[in-house]
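**Q** Based on what follows, work out the 3D shape:
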Amino acid sequence: MTFSRRGADNAAVGYAVARADVAERFSALIKALTGEEPRVYEKEDGEIDIVCYREHLEGFMRYTELAEAIEKWLEETSRR
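**A** Numbers count the residues shown, from 1 in each chain. Below you'll find the predicted structure:
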């Protein structure tokens, strides 16, 4: 999953592309770790887009190993 800043509001959005057989498990893992279900979109070619937002990043921050890196990234990418 790769997070970036998108749109006029500089929102944090994360994307992952997965095969259909993996997408359901990956989506369940994200929900288990963050408490928030990601949005899942099936593309015409059979691949699945999994989309996460800031609330998912905040959920990942509960894990000490990730919190510092996420906080740093949010600060570095914010538009002030």
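
**Q** When you work out contacts or count neighbours from here on, use the C-alpha atoms and nothing else.
**A** Will do.

**Q** residues contacting the closest residue in space to residue 47 that isn't next to it in sequence?
**A** Leaving aside its chain neighbours, residue 47 sits nearest to residue 19 (5.0 Å; criterion: Cα to Cα, 6 or more residues apart in numbering). When contacts are counted by Cα atoms under 8 Å, 6 or more residues apart in numbering, residue 19 touches 46-48.

**Q** Which strand runs longest in the chain?
**A** strand 11-18 (DSSP state E).

**Q** If any of the contacts of residue 19 are buried, put those into a PyMOL selection.
**A** Provided next is the PyMOL selection string for whichever of those are buried by 16 or more other Cα atoms under 10 Å:
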select buried, resi 47+48
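
**Q** The next helix or strand after the longest strand of the chain: which residues count as buried?
**A** Downstream of strand 11-18, the next assigned helix or strand under DSSP states H and E is helix 20-34. By 16+ other Cα under 10 Å, the buried positions in helix 20-34 come out as 23, 27, 30, 34.

**Q** Please apply the same query to stretch 3-13.
**A** Quick answer for stretch 3-13 (16+ other Cα under 10 Å): 3, 12-13.
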